[in-house]
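**Q** have a look at this prediction, sequence included:
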Amino acid sequence: MLKAILFDLDDTLLRTGTDRFMERYFAALGRFLGPSVDPKQLQNQIVKACALMIEHDHPQLNNAEAFSIEFARLTGSQADAFWERLWRFYSDEYPKLGENVSVMPGGREAVLEAKAMGLKVVVATNPLFPLCAVATRLSWAGLSDISFDLVTGLENMHYAKPQPQYYKEIAAMIDVRPSQCLMVGNDPALDIAPARAAGMHTFLVQPDGSGALQQEAEAAGDLGDLIQGLRSRALPGMSELVP
């Protein structure tokens with residue numbers, strides 16, 4: 001029986017245009033930190049530190065702690081000083097980046113439908129950003145008023161996509177088995193394959209509505225298809241999982 005739905009955020013519930021958004025993000029962060037900071041070098045350092053955080057697997061540390069260690073090793077900077085400036089960026093500048101994103105059609109309706117069914121609902125965004133940044137993106141998606149069972153971020157997770165352990169950790173945190181979860185996301189490599197490896201069921205979001213199954217997804221379509229599957233208690237290919 002299905003007990004929980006995990007939703008990716010960027011380009012699943014929020015039309016972010018992730019690649020373009022990250023370009024604007026690093027440019028804004030570089031400007032905020034001042035002329036002594038090379039934005040491209042900073043981007044490379046942050047991306048590398050995130051990769052090392054995942055590669056080195058620090059289960060005893062949350063992602064914020066593990067990232068701080070790796071970033072300090074790469075840059076020789078003091079992590080506390082960097083975080084102090086980063087928090088100010090997320091408070092003062094990050095909210096301004098929302099002007100080029102938009103609500104994903106059907107996103108709010110899909111979340112509310114899942115909650116109306118009594119399912120646990122998780123925002124399973126890749127936890128490479130602090131929770132304050134995730135909260136800002138949820139506000140852009142028109143979801144800030146919704147109470148989720150879990151929102152993943154740097155501070156409360158010990159793994160990240162594409163690690164299957166990330167999905168297993170979510171299941172443990174909300175007290176369900178992976179087999180009782182449906183992961184809904186738009187990225188086959190980050191959302192679908194590792195969730196399947198963790199033992200979860202999967203729905204690949206394809207805004208064009210093509211519905212073609214890719215890379216281990218049990219079903220696919222746009223969010224309208226997902227909503228219809230929830231309402232009819234007969235998700236494509238997964239009808240036996242829905243209470």
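**A** Arrived safely. Numbers count the residues shown, from 1 in each chain.
**Q** just the element for Pro162, please.
**A** Here Pro162 is covered by no helix or strand, with elements defined by DSSP states H and E.
**Q** pretty sure it contacts Pro188?
**A** No - with the criterion set as CB atoms under 8 Å, Pro162 and Pro188 do not qualify as a contacting pair; they are 10.0 Å apart. All C-beta atoms are positioned from the backbone trio N, CA, C, and that covers glycine.
**Q** and for Ser36, the neighbour number?
**A** Neighbours of Ser36 under the rule other CB atoms under 10 Å: 5.
**Q** please name the nearest non-neighbouring residue to the most centrally placed residue in the chain.
**A** For the chain, the residue lying nearest the average C-alpha position, counting by CA atoms, centre = their mean, turns out to be Thr125 (0.9 Å). With CB to CB, 6 or more residues apart in numbering as the measure, Leu9 is the residue that lies nearest to Thr125, at 3.8 Å, once sequence neighbours are left out.
**Q** for this structure, just list every one of the strands.
**A** In chain order, the chain shows strands spanning 4-7, 14-15, 102-103, 120-123, 150-151, 181-185, 201-205, 219-221, with DSSP state E as the criterion.
**Q** partner strands of the fourth one, parallel or antiparallel?
**A** Note on strand 120-123: by DSSP bridges, its sheet partners are strand 4-7 (parallel), strand 150-151 (parallel).
**Q** output the longest one as CSV, nothing but the C-alphas.
**A** Which is strand 4-7. Below are the C-alpha coordinates for strand 4-7, written out as CSV (Å, rounded to 0.1, in the frame of the first residue of the first chain):
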residue,chain,number,x,y,z
ALA,A,4,4.0,8.5,0.9
ILE,A,5,4.7,10.6,-2.2
LEU,A,6,8.1,12.3,-2.7
PHE,A,7,8.1,15.3,-5.0
